[in-house]
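[1] predicted model follows, preceded by the sequence.
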Amino acid sequence: MPRLKPKRTQLADGRELVVEAGTVQIKINGREAPTTVLIIGNEPLLGVETLETLGLKVNPQTRTLEPTRSFVLRI
């Protein structure tokens, strides 16, 4: 994965970290699009923007992904 210059980022929980970012092609539930991920240690972190791009949301009650709309890749 191509990596970008490390930069300071604030996570959803309020922590600020210096992380690397990169662009990857991701496929979830048959929906596929390019997206940016943050690399924290050895773990990639996907954010809500990725899910929104794919037309997905997290249902907090069932802890599953659900579609929010029909999926069409916008470039």
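    It's in.

[2] ok now do the residue most central in space within the chain, which residues does it touch?
    Most central residue of the chain, judged by C-alpha distance to the mean C-alpha position with C-alpha atoms, centre = their mean, is L46 at 2.8 Å. For L46, the contact set (C-beta atoms under 8 Å, 6 or more residues apart in numbering) comprises 26, 35, 37. From N, CA and C alone the C-beta is placed, and that goes for glycine too.

[3] L65 too?
    Neighbouring residues of L65 by C-beta under 8 Å, 6+ apart: 28-29, 51, 56-59.

[4] let's see it at 7 Å
    Counting by C-beta atoms under 7 Å, 6 or more residues apart in numbering, L65 touches 28-29, 56, 58.

[5] which of these tops the neighbour count?
    Counting neighbours by other C-beta atoms under 10 Å, L56 comes out on top of those with 19 neighbours.

[6] wait, that residue touches P67, no?
    Yes: with contact defined as C-beta atoms under 7 Å, L56 reaches P67; the gap is 6.1 Å.

[7] quick check: most distant residue from the centroid of this structure.
    What lies farthest from the middle of the chain is Q61; by C-alpha atoms, centre = their mean that is 20.5 Å.

[8] how about that residue, secondary structure?
    Following DSSP: H, G, I helix; E, B strand; the rest coil, we place Q61 in the coil state.
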